[in-house]
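Novice: Quick one: sequence and predicted model below, then my questions.
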Amino acid sequence: MIEHVSYWLSTTLLSVLYVISATLYLVKRDWVRQALVDLGYPTYLVAGLIVVKVLAVLAIISRFSVALSDLAYAGMFYHLLLSAVAHLGVRKPRGALPAALCLVLLGVSFLTQNAARELPSPYGQRSAAHLATL
């Protein structure tokens, strides 16, 4: 039961943060472009990040395909890791805190997904109850 609640809580919080981030990228486009330039990234990434962030949330929440969901988790992991490293690289450690928080939420969501979803991921942690039914 705790794994089930942990999954949905972490997944919901992560999804909300990603959708808010994509919305921010749309609404404050110039500010986001400048932030990317300050981190050393090109501005053309903004449009792609908006699309990918929304699609990742849809893939994880809908669970249309387990493989696609796992790919979304991997994409989020690399995005968040690179975001944290980029902020640390330009000596802005406070900017890395949101990415670090999301990495924790992502880890909890990924590791508890098999306890909460019907179709298990081959990469997610298997609960003892699930293993007993095999």
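Specialist: Arrived safely, thanks for sending.
Novice: From now on I want contacts and neighbour counts done on CA atoms only, so please keep to that.
Specialist: Will do.
Novice: Show me the strands in this protein, by range?
Specialist: In the chain, no strands are defined using DSSP state E.
Novice: The chain: helices as residue ranges?
Specialist: 2-27, 29-39, 45-62, 66-89, 93-116, 128-132 (DSSP state H).
Novice: need the contact list for the residue nearest the centre of the chain.
Specialist: What sits nearest the mean C-alpha location of the chain, by Cα atoms, centre = their mean, is residue 76, with 3.9 Å. With contacts defined as Cα atoms under 8 Å, 6 or more residues apart in numbering, residue 76 is in contact with 56, 106.
Novice: coming back round to it: comparing the helices of the chain by mean pLDDT, which bottoms out?
Specialist: Of all these, helix 128-132 carries the lowest average pLDDT, namely a mean of 49.
Novice: Could you check how far the closest residue to residue 57 other than its chain neighbours is from residue 106?
Specialist: Of all residues not flanking residue 57 in the chain, residue 15 sits nearest, at 5.6 Å (Cα to Cα, 6 or more residues apart in numbering). In this view, residue 15 and residue 106 are 10 Å apart by Cα to Cα, to the nearest Å.
Novice: got it, and residue 124?
Specialist: Residue 124 is 12 Å from residue 106, by Cα to Cα.
Novice: neighbour-wise, which of these two wins?
Specialist: residue 106 (23 against 15; other Cα atoms under 10 Å).
Novice: residues contacting the residue nearest to residue 86 when sequence neighbours are not counted?
Specialist: Setting aside the residues directly before and after it, residue 86 is nearest to residue 39 in space (Cα to Cα, 6+ apart), at 6.0 Å. Neighbouring residues of residue 39 by Cα under 8 Å, 6+ apart: 86-87, 90.
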